[in-house]
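Enquirer: Below are the sequence and a predicted model; questions follow.
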Amino acid sequence: MTKPLLFTCILLSLGAVVFGLLNRGTLATTRLDLASAQGESASTSAQLQTAQGELEKKKEEVTQFGSQKDQLTAELGEVRGQLEKSQEELVTTRKQAEDLGSDGRAKDAKIGELETRLAEEEQQAPAEVAGNAVGTDDTAARLLELETLNRQLEDQNSGLSTQVAELRRKDEGRQNSQMRQGLSGTILAVNQAWNFVVLSLGDRQGVVSNAEMLVQRNGQYLGKIRVSSVEPSTSIADILVRTVPRGLSVMPGDRVIYQAQRD
């Protein structure tokens, strides 16, 4: 009876030892897995922090880009306002020139009418003097009044003629003057719908109407433009679409340069 119990106890002890060894190996494996998981968690946390930092940086870049866009939009609005104002001033100047011409023609007609009336008065004056000596003073006064009015109208007509001639001289001088070879500037704004641009050059730099200029970007040819309106510090030019290579377009910041055509 004692031997079976002893044998059973030995078996149970061996089983306990084996089970303890197995549990010890499992515990060591579990600890290694836990350490690996903690390392991966720390790496993931670091990657998450890096991604958050990059996200904040991108948000700042988007905010800056939005501010730059708003600023460019505001500048474009100002340029458009200046363009509209320049066009209105050009229309007003042309109308004033036309009005001066009309006034000049009206003054000429008035002078002709007064000269005719003065001639008639001079023809009637001798008859009135002979027929009625009392009316001599009135006729002389009338003649003097007509002569004075005629001189005033002639002076006004001379002044108007001088103004019209000066306007025509300036316009012809601007059209006939030559731009300086190599004159260059930049494009401030582009209207793709109407194919025109606003230049940073104007009358002060020597720009003249109808002049053709080359458009370049980083030394690459982009096409030609033709100046249509000149202001003191800016100009408006039409894009010569047929000269722009396929796939390219004129943009703000592009360089323009004048190169005179040589025979």
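Expert: The structure has been received and is ready for your questions.
Enquirer: So what touches stretch 231-251?
Expert: Stretch 231-251 has contacts (Cβ atoms under 8 Å, 6 or more residues apart in numbering) with 82-83, 86, 187-188, 190, 192, 195-204, 207, 212-213, 215, 217, 221-229, 256. Every residue, glycine included, has its C-beta placed from N, CA and C.
Enquirer: And that stretch, end to end?
Expert: Stretch 231-251 has an end-to-end distance of 21 Å (criterion: Cα to Cα, to the nearest Å).
Enquirer: which residues does V227 contact?
Expert: With Cβ under 8 Å, 6+ apart, V227 has these contacts: 199, 207-213, 235-237.
Enquirer: please redo it, this time with the cut-off set to 10 Å
Expert: Contacts for V227 were tallied using Cβ atoms under 10 Å, 6 or more residues apart in numbering; they are 179, 197, 199, 201-202, 207-213, 235-238, 256, 258.
Enquirer: pretty sure it is in a strand, no?
Expert: Yes: judged by DSSP: H, G, I helix; E, B strand; the rest coil, V227 forms part of a strand.
Enquirer: returning to that earlier point: using PyMOL, define a selection of the buried residues within the contacts of V227.
Expert: Typed into PyMOL, the next command selects the buried ones out of the contacts of V227 (criterion: 16 or more other Cβ atoms under 10 Å):
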select buried, resi 179+197+199+201+202+207+208+209+211+212+213+235+236+237+238+256+258
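Enquirer: Can you list which of the contacts of V227 are found in strands?
Expert: Residues of these located in strands (DSSP state E): 197, 199, 212-213, 235-238, 256.
Enquirer: Determine which two of those are furthest apart.
Expert: Maximum pairwise distance in the ones in strands among the contacts of V227, criterion Cβ to Cβ, is 14.0 Å, between E212 and I236.
Enquirer: and stretch 185-205, C-alpha only, in PDB?
Expert: In PDB, the C-alpha atoms belonging to stretch 185-205 read as follows (Å, rounded to 0.1, in the frame of the first residue of the first chain):
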ATOM      1  CA  GLY A 185       8.800  96.000 -67.300                       C
ATOM      2  CA  THR A 186       6.400  93.400 -65.800                       C
ATOM      3  CA  ILE A 187       2.700  92.400 -66.200                       C
ATOM      4  CA  LEU A 188       0.600  93.500 -63.200                       C
ATOM      5  CA  ALA A 189      -2.700  91.800 -64.100                       C
ATOM      6  CA  VAL A 190      -4.200  89.700 -66.900                       C
ATOM      7  CA  ASN A 191      -7.800  89.600 -68.200                       C
ATOM      8  CA  GLN A 192      -8.100  86.300 -70.000                       C
ATOM      9  CA  ALA A 193     -11.700  86.900 -70.900                       C
ATOM     10  CA  TRP A 194     -10.900  90.100 -72.900                       C
ATOM     11  CA  ASN A 195      -7.300  89.200 -73.700                       C
ATOM     12  CA  PHE A 196      -5.600  92.300 -72.300                       C
ATOM     13  CA  VAL A 197      -2.900  93.000 -69.700                       C
ATOM     14  CA  VAL A 198      -1.900  95.900 -67.400                       C
ATOM     15  CA  LEU A 199       1.800  96.800 -67.500                       C
ATOM     16  CA  SER A 200       4.000  98.400 -64.900                       C
ATOM     17  CA  LEU A 201       5.200 100.900 -67.600                       C
ATOM     18  CA  GLY A 202       3.600 104.200 -68.600                       C
ATOM     19  CA  ASP A 203       4.100 107.500 -70.300                       C
ATOM     20  CA  ARG A 204       6.800 108.500 -67.800                       C
ATOM     21  CA  GLN A 205       8.900 105.500 -68.900                       C
END
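Enquirer: ok, of the contacts of stretch 231-251, which come out buried?
Expert: Among the contacts of stretch 231-251, the ones that count as buried by 16+ other Cβ under 10 Å are 82-83, 86, 187-188, 190, 196-199, 201-202, 207, 212-213, 215, 222-225, 227, 229, 256.
Enquirer: Checking L248 next. Helix, strand or coil?
Expert: Under the three-state scheme (three-state DSSP), L248 adopts coil.
Enquirer: domains for this protein, by residue range?
Expert: What automatic domain parsing lists as the domains of the chain is 88-176, 184-257.
Enquirer: Mind jotting down where the helices sit in the stretch 101-250 of the chain?
Expert: For the stretch 101-250 of the chain, applying DSSP state H, counting those that start in this stretch gives helices covering 136-176.
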